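Peer 1: sharing a model prediction with you, sequence too.
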Number of protein chains: 6
Amino acid sequence: MPTPGPIEYANASPQVKAVYDEIMTTRKVDWINNFWKMLANDPEALERTWRNTRDIMAPGTLDAVTKELIYLAVSATNGCEYCLASHTTSARKKGMTDGMHGELMAVIALANGNNALASGYRTVVDEAFK
Amino acid sequence: MPTPGPIEYANASPQVKAVYDEIMTTRKVDWINNFWKMLANDPEALERTWRNTRDIMAPGTLDAVTKELIYLAVSATNGCEYCLASHTTSARKKGMTDGMHGELMAVIALANGNNALASGYRTVVDEAFK
Amino acid sequence: MPTPGPIEYANASPQVKAVYDEIMTTRKVDWINNFWKMLANDPEALERTWRNTRDIMAPGTLDAVTKELIYLAVSATNGCEYCLASHTTSARKKGMTDGMHGELMAVIALANGNNALASGYRTVVDEAFK
Amino acid sequence: MPTPGPIEYANASPQVKAVYDEIMTTRKVDWINNFWKMLANDPEALERTWRNTRDIMAPGTLDAVTKELIYLAVSATNGCEYCLASHTTSARKKGMTDGMHGELMAVIALANGNNALASGYRTVVDEAFK
Amino acid sequence: MPTPGPIEYANASPQVKAVYDEIMTTRKVDWINNFWKMLANDPEALERTWRNTRDIMAPGTLDAVTKELIYLAVSATNGCEYCLASHTTSARKKGMTDGMHGELMAVIALANGNNALASGYRTVVDEAFK
Amino acid sequence: MPTPGPIEYANASPQVKAVYDEIMTTRKVDWINNFWKMLANDPEALERTWRNTRDIMAPGTLDAVTKELIYLAVSATNGCEYCLASHTTSARKKGMTDGMHGELMAVIALANGNNALASGYRTVVDEAFK
C-alpha cells in the first residue's frame, strides 16, 4: 500500500465526504475510485481537481466522448497506466466504440512517431505555419 | 541549416517527386512543407510515413477534425513545436473552431496534470478498471 | 525476474560489495534496494551512479528534503514507478510531512498542465524573459 | 504569429481585463506575459488557470521559492522552453540564488538519469517500498 | 483483463491469422506476444504495424542488434514497461551481451540527464551546430 | 540571453579553465560549446558532467558511433533541440553516414509509435518476457 494511503468514505472528513457525494451523484456511480481517494489526503487539491475535471470534461463545443479521446491521447503518450485504465472505462461509458478506439490508437501512434521524426530531423518551422 | 538539409522538389529523385506530387494532389496545396523535405533524405521513410499518415488521418469512424484534435493532444504533450505549428494549421483547415481549440487545450492541460497526480500518488488501479 | 537479474550481496564481487557497504553505512540501513542490485551488473555504472547520487543529494545550499522534493517532481513527471516508490520513502525519512507532500503534488500537477498549455498554444517567449 | 494570437489588454473583454488586472496587482508588475494573453482566447480557461496558479504557488507549508524549484524541475523534464524562461525569472524574484539554481539543475539531471536506469533495467519495486 | 482484450489465434479472423502466421515464421517462434494480440482488435493497424516493424527492424546499414539498442533507448526514455520487457528479450536473441546492455543503459542515463541540463539551463544552440 | 549566462574562457576560474582545456584537448577542437559554458556556472557540476560524459561516451564494448546513435535516440524522444544539434554533429564526426542517420530516425519513430500503442492498449507483459 503506498504512503499516504487512500482515504475511505467511512474515514473521510465532512469536506471530503461532500466531494465524494458530488462525484457519485454526478457520475451516477456508488463508489469512489482510487484517484480521488489518494487526492483526499489534500482536501483542497481534491476539491480543486474535482471541480476542474467536472467542468472541463462536461460536454461543450466538443462532446463528452471526444474529450475522453483527447484525454486518452495524453495518457497514452505519458504512459500513465492508472489514467488509461480509468479513462478507457469512462470513454466506453460515454460511447467510444471498438472502431473509435482502434482509430484513436492509430492516430496516437502516428503522432508520437511523427513528433520524434520532426524533432529528430531538426525540422525548421515553415514560414506558412508561423 | 540542419544537416542533412531539406530536399527541394527541383533536386528530388523521381521516387521522391512522385510522393511530393501525391502529397500536393491529396492535400490540394502547391508546396511541400519541411517535414516531408527532411524525410526525403530517406526515400523509403518518406514513402512509408506519407502512406501511413494519409491512411490513418483519413476520415473513418472518427472524422478528420477529431483525428487532428487527437494529433494535437499528442504533440502538445510531447512539446513538439514543429508538429503543433503544422497540425494547428491543418486542424483549422479541417474545421477546428476557436471554441474547439480552447476546449482541446483545456482537456490537454487537465489530463497532463491528472496523469502526474495519479503517478505521483502511486495510485493503485481499482479492480473495477482491470 | 527481469534479465539481467539483481546481484545479491552474497554473490557480489569485492568491488560491488565495497559500494554496497558504503551505501548501507551512509544511509544507516542494513539492506540494499533493487536499484543498486540491478546497476551492479555494470560495476563501473554502480560506482559512478552511487557517487553522483551521494554527492548531489547531500545537503548543500538546498537542504536534503528540498532535494528529495525536486527528485520526486522529476519522477512524477516521467511516471517512474520505481523512483516514486523509493524516493517517497526517502523524502519521508528526511522530513517530508503529509502537508509538504500534498503541496508538492499540487505544484507538479499545475506545472505539467501549464507546460502543456504553453506549448500547445505555441506561446512566444516574452522579450523580458530572454 | 501563432493562431490564435495573443489578446492584448486594449482589445480584451471586461472578463479578461479583470483577470489581467488581478494578475498585475498580485504580482506587482505592469504588464501581462504571453502565457496569459494566449489563454485569454478561452476566458474560462484564463480564469481557472490563473486561480489555480495563484492558489497553488502561494506560500503554504512549502515556501514560495521551493514551489518555484519544483515547477522548474517539471519544466526542465518536459523541456518546456516558455515555462523555463518565465519561471526562472519568477524563481529569481522569489529568492532563488545562483547556488540554489546550480543544485536544482544537478538534482534534475540526476533524477532524469536515474529514472531512465530504473525503468531501463526493469527494476522491481522492493517490498519495503510498497 | 483490459478492454478490449487480446485476440487469440483460435478466435482470429483469416486476415489476422495470416499476419500471426507471418510473425511466427519471420521470427521463428511458435507463439504470438500480447502486443500483436491487442493490435489485432484493429486488423488494419495490425497489418500496418507489423509491416513497418518488420521492414524497419530488418538489418540494413545498421545491423539488427544496433537497431534493438536504439529501440531500447527510446523505450527506457518513455518508461514503457511492456516494450522494455519484449525488446530486452529480442535484443538478447539478436546478440546483445551483458557488456553491451550495461553500456547502453549508461548512455541512456547520461543522455536523459544531459538533455534536462541543456533544456533547464536554456542553452542557446551554438552557431557551429546550426 | 538566459540567466545565468554562459561563462566564457577569458572570464573562467582556474578550475573551470582546466575542464575547458581538457574538453578541447580530448575532442581536438579549439572552442567550447554552450552546454559546458552554462554548466560552468556550477563548477562541480561541470567537472562531474564532463567526467561522466567523457567516460561513458568513450569506445568500450559499444563503439563511439553506436553510443552517439543511442544518445540521439534519447534526445529525439525528449525533443531536446540543443542535444540534437550538438550530437548530430558529433555523431557525424564519429562516422554516422546519411544512411545510418535515416535508419536511426526510422527506428526512433517506430519505437515511439509502438511504445504508445503498447501503453495505450494496456498490454499485459507476457509470461515469457518476465
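Peer 2: Thanks, I have the structure now.
Peer 1: check contacts around the residue of chain A found nearest chain C.
Peer 2: Residue nearest to chain C within chain A: residue A:42 (3.1 Å; CB to the nearest CB). The C-beta positions use only the backbone N, C-alpha and C, and glycine is treated the same way. Neighbouring residues of residue A:42 by CB atoms under 8 Å, 6 or more residues apart in numbering or on different chains: C:101-103, C:105-106.
Peer 1: now with 10 Å?
Peer 2: By CB atoms under 10 Å, 6 or more residues apart in numbering or on different chains, residue A:42 lies in contact with A:4, A:48-49, B:117, B:121, C:98-99, C:101-106.
Peer 1: tell me the one among these nearest to residue A:65.
Peer 2: Nearest to residue A:65 among those is residue A:49, at 21.6 Å by CB to CB.
Peer 1: enumerate the residues of chain A near chain E.
Peer 2: Residues of chain A found near chain E (CB under 10 Å from any CB of the partner chain) are A:77-79, A:81, A:84-85, A:88-89, A:92, A:98-99, A:101-106, A:109-110, A:112-113, A:116, A:122.
Peer 1: 7 Å instead, please
Peer 2: A:79, A:88, A:92, A:98, A:101-102, A:105-106 (CB under 7 Å from any CB of the partner chain).
Peer 1: can you tell me which of these are in helices?
Peer 2: Cross-referencing these against helices under DSSP state H gives A:88, A:92, A:98, A:101-102, A:105-106.
Peer 1: quick check, nearest of those residues to chain F?
Peer 2: Checking those against chain F by CB to the nearest CB gives residue A:105 as the nearest, at 5.1 Å.
Peer 1: now do the same contact list for the closest one.
Peer 2: Under the criterion of CB atoms under 7 Å, 6 or more residues apart in numbering or on different chains, the neighbours of residue A:105 are E:42, E:45, F:117, F:120-121.
Peer 1: next one: residue A:73
Peer 2: A:104, A:108, B:70, B:73-74 are the contacts of residue A:73 under CB under 7 Å, 6+ apart.
Peer 1: ok, and the closest non-adjacent residue to it?
Peer 2: residue B:73 (4.0 Å; CB to CB, 6 or more residues apart in numbering or on different chains).
Peer 1: secondary structure element for the one you found?
Peer 2: helix B:64-78 (DSSP states H and E).
Peer 1: so what's residue A:130 scoring on pLDDT?
Peer 2: What the model reports as pLDDT for residue A:130 is 89.
Peer 1: please apply the same query to residue A:92.
Peer 2: Value for residue A:92, per-residue pLDDT: 97.
Peer 1: from chain B, how far out is it?
Peer 2: Counting by CB to the nearest CB, to the nearest Å, the gap between residue A:92 and chain B amounts to 11 Å.
Peer 1: kindly report the same for residue A:90.
Peer 2: 9 Å.
Peer 1: next up, the contacts around that residue.
Peer 2: residue A:68.
Peer 1: in what helix or strand does it lie?
Peer 2: Per DSSP H and E: helix A:81-93 holds residue A:90.
Peer 1: now chain A against chain E: closest residue?
Peer 2: Counting by CB to the nearest CB, chain A gets nearest chain E through residue A:102, at 3.1 Å.
Peer 1: now that residue. Nearest residue, chain neighbours left out?
Peer 2: Excluding its sequence neighbours, the residue lying closest to residue A:102 (CB to CB, 6+ apart) is residue E:42, at 3.1 Å.
Peer 1: thank you kindly, that will do.
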